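Visitor: Please work out how this folds:
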Amino acid sequence: MTLHIAGMGTSVPQHSIDQAEAARAWVSHMKLDRKRGRILQALYRRSGVKKRHSIVLEAGGNGSPPTQTFFEPVAFEGDPGPTTQARMERFETDSPGLARDASAEALSKAGVEANEITHLVTVSCTGFFAPGPDTVLIDLLGLRSTVERTHVGFMGCHGSLNGLRVADSFVGAQPQARVLVSSVELCSLHMSYEWNSDALVANSLFGDGAAAVVGVGEGLAAGANDWRLAASGTCRLPYSAEAMSWRIGNHGFEMTLSSAVPDIIRDHLHGWLTGWLADAGLAVEDVASWAVHPGGPRILSAVGQALGLDADASAVSKRVLSEYGNMSSVTILFILDRLRKADAPRPCVALAFGPGLVAEATLFL
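Guide: This is a model prediction of the structure:
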């Protein structure tokens, strides 16, 4: 493993909504009775989220009341909301700008010109179009027309770790490569009108954002203090094939999130991760900082219990969840960016989970 992080950038939509406001708005939007309204508001309070940004908001944040017109109030019982086509049209319109802003910041912090990028890796699981975000970024950033493009799609919350693995392979094969990894997720486009536990949990957690990484090989690294990708691992946890899924429906992408997910993590993560760390000459106790994807409070708690971590180990993950919600694949890069800015001690392990149920881990030295 030879990838060095030369620069990182993040971006979110202009407008945000407080979680209490989001709950009240959705109760009104769905015309829920008092009992269901209390259930929904309680779920939102327990989510660990205090604020989220959304591309569909036309106002909100900084004291202004949140407003949006993309999701119309429920018109009849069983109203499914906007079609997937309408949601994908918004993704095509709104995702490139967020990706551009995060990528431009990463390039600036890395001190790398756009036309020096040799490889572009894009990551998303909340939208599709072709020509896709990769080709749009070529124009928006001024990347060379010969930049080599790879898209990591529909891999869920650990997608950015897969993107970093791809980037590492590029710099390992071509020492002079400069790779831009750009992740963008517009999760709020998939707000569901259904009344079931999976939809309610997803509606309470997810937000929108983008993040980017510029990675280079050893020979182009700026200094010894760069964060270096030292190892990467993956494991499909047992008895979990349907525990988490993400499928395309007629009215948005539909998430399945079993209540057994925390138990599966608690029962099976330790055995795999300790073996993976041992291959790198480390034990859990040797890991100085953790970047754990906050799929929700119960996920963070399950990881802590499985690995014997104290509450401080997930403090940054909890803050990112509180301030932005779960931004799917983008979230882990927000956490890594904060840890790098704080000069967090290393070794650092980034850990995320996706459909399957699959655990992905990345070790940084």
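Visitor: what comes up buried for stretch 153-172?
Guide: For stretch 153-172, a neighbour-count test (16 or more other Cβ atoms under 10 Å) marks 154-171 as buried. The way it works is simple: take the backbone N, C-alpha and C, and place the C-beta from them, glycine included.
Visitor: do stretch 98-118 as well
Guide: Buried, per 16+ other Cβ under 10 Å, within stretch 98-118: 98-107, 109-110, 112, 114, 116-118.
Visitor: go on, stretch 279-287?
Guide: By 16+ other Cβ under 10 Å, the buried positions in stretch 279-287 come out as A280, L282, V284, V287.
Visitor: Make JSON lines from these and add pLDDT, secondary structure and distance to R236 to it.
Guide: Shown next, in JSON lines, are the buried residues of stretch 279-287 (pLDDT from 0 to 100; DSSP: H, G, I helix; E, B strand; the rest coil; distance: Cβ to Cβ, whole Å):
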{"residue": "A280", "pLDDT": "95", "secondary structure": "coil", "distance to R236": "20"}
{"residue": "L282", "pLDDT": "98", "secondary structure": "coil", "distance to R236": "22"}
{"residue": "V284", "pLDDT": "97", "secondary structure": "helix", "distance to R236": "21"}
{"residue": "V287", "pLDDT": "98", "secondary structure": "coil", "distance to R236": "22"}
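Visitor: Would you mark the buried spots in the strand or helix carrying I332?
Guide: Taking DSSP states H and E as the definition, I332 sits inside helix 331-341. By 16+ other Cβ under 10 Å, the buried positions in helix 331-341 come out as T331, I332, L333, F334, I335, L336, D337, R338, L339, R340.
Visitor: nearest residue to V303 other than its sequence neighbours?
Guide: The spatially closest residue to V303, leaving aside those adjacent along the chain, is V292, at 5.3 Å (Cβ to Cβ, 6 or more residues apart in numbering).
Visitor: What residues does that neighbour make contact with?
Guide: By Cβ atoms under 8 Å, 6 or more residues apart in numbering, the residues touching V292 are I299, L300, V303, A313, S314, S317, I335, A350, L351, A352.
Visitor: The spatially closest residue to the fourth one that is not a sequence neighbour bridge partners, please.
Guide: Of all residues not flanking A313 in the chain, W290 sits nearest, at 4.7 Å (Cβ to Cβ, 6+ apart). Using DSSP bridges, the beta-bridge partners of W290 come out as V349.
Visitor: Correct me if wrong: W290 contacts P347.
Guide: No - using Cβ atoms under 8 Å, W290 is not in contact with P347, being 9.9 Å away.
Visitor: quick one: which of these two has more around it?
Guide: The neighbour comparison of W290 against P347 (other Cβ atoms under 10 Å) goes to W290, with 25 against 18.
Visitor: how far away is that one from L363?
Guide: Here the criterion is Cβ to Cβ, to the nearest Å. By it, W290 lies 11 Å from L363.
Visitor: And stretch 266-282, what's buried?
Guide: Neighbour-count burial for stretch 266-282, counted by 16+ other Cβ under 10 Å, picks out R266, H268, L269, H270, W272, L273, W276, L277, A280, L282.
Visitor: In helices, which of these fall?
Guide: The helices, defined by DSSP state H, take in R266, H268, L269, H270, W272, L273, W276, L277 from those.
Visitor: tell me which element the closest residue to the third one other than its chain neighbours falls in.
Guide: In this structure, L269 finds its nearest non-sequential neighbour in A306, 4.3 Å apart by Cβ to Cβ, 6+ apart. Take DSSP H and E as the rule and A306 turns out to sit in helix 297-307.
Visitor: for the residue nearest to A313, what are its contacts?
Guide: L309, A313, S314, S317, C348, V349, A350, L351.
Visitor: measure it to L365 for me?
Guide: 14 Å.
Visitor: list the residues that contact both of W290 and L363?
Guide: Joint contacts of W290 and L363 (Cβ under 8 Å, 6+ apart) are C348, V349.
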